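Turn this into a structure:
(one chain, ligands or ions: 3)
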Amino acid sequence: MFINVILPLPLKDDFTYQIPEGFGDPLLPGQRVIVPFGKNKWYSGIIRKTGVTPPKYRTKEVLEVLDVDPVISDWQLSFWEWISSYYMCSLGEVMQAALPAALKWQSETVVRADRDAKIEWDQLSDRAFLVMEAFEHQQQLTLKEVSDIIDRKTIRPVIHELLDRGLIVLEAEIREKVRPRWVRFISLHQNLSDEEWNQVFESLRRAPSQSRMLMGFLQLQGPERKEVSEKELLAHTGGTRQHIVGLLDKGILKEREEQFLPDTALRFDEDTPLTAEQSEALKLIEEGRSTETPVLLWGVTGSGKTEVYVQAIRKVLSEGKNALYMLPEIALTAQLILRLKGYLGDGVLVYHSRLSERERMETWKAILNADGPVVVLGARSALMLPFRHLGLIVVDEEHETSYKQHDPAPRYHARDTAIYLARKLGAGVVLGSATPSLESFFNVQNEKYLSARLEKRFSGVAMPKIELIDLVRQHKQRTMHGHFSQPFLDAIRETLGQKEKVILFQNRRGYSPVIECKTCGHVSQCVNCDVSLTYHKAVHLLKCHYCGYTQKPLSTCPACGSNALQMMGMGTEKIEDELQLLIPEASIERMDLDATRKKNAFQELINRFEEGQIDILVGTQMVTKGLDFHDVGLVGIVNADSLLKFPDFRAHERAYQLMEQVAGRSGRREKQGKVLIQTYEPEHRILQQLIDYDYMSMAKEQLQERKHYQYPPYFRLIHILLKHGKKEVVNEAARRLGMALRDALGNRVMGPEYPAIPRVKNQYLKQIYIRLERKASPTKVKAILAELEKATLADAPLSGVRVIYDVDPY
Ligand code: ADP
Ligand code: ZN
Ligand code: ZN
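Ligands and ions are numbered 1, 2, ... in the order given. Alright, predicted model coming up:
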């Protein structure tokens, strides 16, 4: 009679509810129920356990069950439990991340007019008048609608006025966030004899359009089909819904509605013959699948990895199992989706955060309802889909840092989580990359993973030639034009002259990241965060990239009044600007977060670049992902040094991966491309390794450093971030927690210290790192952390400090 329910809230435990008498069928784990929580709030939660013993506290009753069958299966529930315990977050937070919003219900406060109350219109304030006027046409309003009507964010005053006058009541209503789409199917009301058909068409003589519609229906239906979709019928006849309704009303046709779900049917073509290397890789994937060992597929861009994935996926599908093909969010371009559909059919499902809520819900349900095998192409959250027999997970671009979710919880790494999940479900897992992460490389070295190698591009074209330009020398020789050296500019002009395209990479967006007073050294800073404001020229604003704060640029220094303000550093906008002055005839565009904020802007830029409307694309990391253009003659990295100097133990690894990735955009299909990198440090190890494509030396050297400095993958890291609006409070909390931790864990504790940016969004930050040797039990340590947090931060004001754990924070 009692069940435990997971609520979509950051609560430490799940809650127990009572099932009222006479509730009907027994409830099952994984079904959604609506339950009350807190004061006047309802949520849809997921049943975790049934038949639990009643707790000490007084339980509330379940209001409603939403599902006949569970929407979350047993394996998913235990998968959620693993995520919650490994990544130190609540089950509710996992649920939040896992379920598409459309499957979550939440109560919303609505305002209803009290129909019995007498309105004295002339007594009302203007805003109250507007609201009451709206009730003339509408039964109820959501708070958001009220706010829209009065065109203000703060609605409290008007709500209070109306409540005081007794004109309205507030109610909570449970609503579904997204309404499903329905599709209609048309069929004959009943079978007719020839005689009866004659009568029917006779009766339609006055309605020729309906008659045509009926003829169209009969043609489509033919001898085999029972029903025809309305969409197909309308397309076939060119008629309108009205004509169908006419026939429905006359009792000639009937219709039925069904929730729209995407098609999951797949096509099984002949496999492309593979090269010897590729066949070897495919065999290894099979071996990995049967021995439950992950396989690393290491091959440069264009070496034919995708071809191998597709055949491995086909194999799994032919066994009636499901396959998941994962990519970083941004790499999921229309180009790639089309390519995969080309291989496997239109039934390839897609799942990522740029889809609408409805589309995500539909994919979810399509998987639940599919009869045969399904393939999903998705970003990290696709791991949460309700697969039935997962046979294979492909994690393409496995080194990509965006597989890690940083905020909010669960702070999971999708690659590592995929490996866990594959093992749990007995599925295979392939990690693919041109520049594998050091963790995966390390696991191959320790024989935890199998590894296959594709050495060459399939086309046989050599990898792009990478050359370094020494900026120290260029400055001495006075060849610099702003940020561009003469050889760099010459190469750009030459490439354009050959009717080829150029991609320029710069890792900062905006125009200029620092504005400094030449007289006193004052730097424009965000009011909410301890970071400098970036100047954005296009909108003529200073912006904070951490909290979104903006202000007008100053003409004089707020500290000393001097007007000698100087812009330092450069972002994509400035590169675009400078270059346009130097090469006025070129069409230059930018691809960064600012330029692609609008829906579809990213895809449109790609299309225009592909069609040759853009000569030079200046971009951030974005230009490195999932783009496959055929006539890019030159890729330029405007400055490599900032990548190499990043304050992070993975900076060198990442710089290498990123630059090799960017380089790979050059000259893909028939022609060797060219890459130019400007740097003040051409002798830097990473750059030297890069020009030789010597990933192996890079990986080995970096691993040695990791070992020496006790970093992952040799050690585990847990990051603890403390947050509070008052500096003293966060300091005190960090001091106490730090001391307690050090008592328990000794020199595994590093810190507390200020992070690189000690204040973000008006919250003061302090951090502690826990460094664990591989042998230590992370479970035990996590239990200690939770316990010590409780013990040291129990009392106000320290209890107000937010403590955020990040396991494997990289
Ligand atoms: P990657 O995924 O490693 O970047 P792709 O799978 O995209 O490489 O292969 C690069 C190009 O070579 C693609 O155009 C692909 O169709 C082609 N290709 C790869 N393997 C084969 C093969 N065995 N037969 C024919 N074409 C192939
Ligand atoms: Zn100044
Ligand atoms: Zn800020």
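
And the strands in the stretch 701-810 of the chain?
Ranges of strands in the stretch 701-810 of the chain, per DSSP state E, counting those that start in this stretch, are 715-724, 749-753, 759-760, 763-773, 802-807.

same deal with the stretch 51-200 of the chain?
Secondary structure of the stretch 51-200 of the chain by DSSP E, counting those that start in this stretch: the strands cover 60-61, 64-65, 105-113, 140-142, 168-176, 182-188.

Flag every residue of the chain that's near ligand 1.
272-275, 278, 299, 301-307, 458 (C-beta under 6 Å from any ligand atom). The C-beta positions use only the backbone N, C-alpha and C, and glycine is treated the same way.

So which of these belong to helices?
Counted as lying in helices by DSSP state H, out of the residues of the chain next to ligand 1, are 278, 305-307.

What's the separation between residue 501 and ligand 2?
43 Å (C-beta to the ion, to the nearest Å).

What is the burial count for that residue?
Close neighbours of residue 501, defined as other C-beta atoms under 10 Å, add up to 22.

same thing with residue 478?
Counted with other C-beta under 10 Å, residues neighbouring residue 478 total 7.

Look at it and tell me its secondary structure.
coil (DSSP: H, G, I helix; E, B strand; the rest coil).

Relative to ligand 3, how far out is it?
With the distance defined as C-beta to the ion, residue 478 ends up 39 Å from ligand 3.

what about the helices in the stretch 151-300 of the chain?
156-164, 194-203, 208-221, 230-237, 241-249, 276-291 (DSSP state H, counting those that start in this stretch).

Buried residues, the last one. List them.
Spelled out, that is helix 276-291. Across helix 276-291, burial judged by 16 or more other C-beta atoms under 10 Å covers 277-278, 281-282, 284-285, 288-289.

will you turn those residues into a markdown table that also has distance to residue 102 and pLDDT?
Formatted as a markdown table, the buried residues of helix 276-291 follow (distance: C-beta to C-beta, whole Å; pLDDT from 0 to 100):
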| residue | distance to residue 102 | pLDDT |
| --- | --- | --- |
| 277 | 44 | 94 |
| 278 | 40 | 96 |
| 281 | 39 | 97 |
| 282 | 38 | 97 |
| 284 | 40 | 97 |
| 285 | 35 | 97 |
| 288 | 36 | 97 |
| 289 | 34 | 96 |
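
and the two most separated of those residues?
The span of the buried residues of helix 276-291, defined through C-beta to C-beta, is set by 277 and 289 at 19.1 Å.

near ligand 2, which residues of the stretch 651-800 of the chain?
Residues of the stretch 651-800 of the chain found near ligand 2 (C-beta under 5 Å from the ion): none.

what bits of the stretch 651-800 of the chain have low per-residue confidence?
The model of the stretch 651-800 of the chain has pLDDT under 70 over residues 668-669.

Residue 216 touches residue 239, doesn't it?
Yes: assessed by C-beta atoms under 8 Å, residue 216 is found in contact with residue 239 at 7.1 Å.

intersection of neighbour lists for these two?
Shared contacts of residue 216 and residue 239 (C-beta atoms under 8 Å, 6 or more residues apart in numbering): residue 233.

can you pull out the helices in the stretch 551-700 of the chain?
Listed in chain order, the helices of the stretch 551-700 of the chain (DSSP H, counting those that start in this stretch) span 572-582, 601-610, 641-644, 651-663, 685-691, 695-708.

Output those helices in TSV, with mean neighbour count appended to each entry.
Below are the helices of the stretch 551-700 of the chain laid out as TSV (neighbours: other C-beta atoms under 10 Å):
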stretch	mean neighbour count
helix 572-582	20
helix 601-610	17
helix 641-644	18
helix 651-663	23
helix 685-691	19
helix 695-708	16
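
before we move on, what SS does the closest residue to residue 431 other than its chain neighbours have?
The shortest distance from residue 431 to any non-neighbouring residue, by C-beta to C-beta, 6 or more residues apart in numbering, is to residue 398 (3.9 Å). Following three-state DSSP, we place residue 398 in the coil state.
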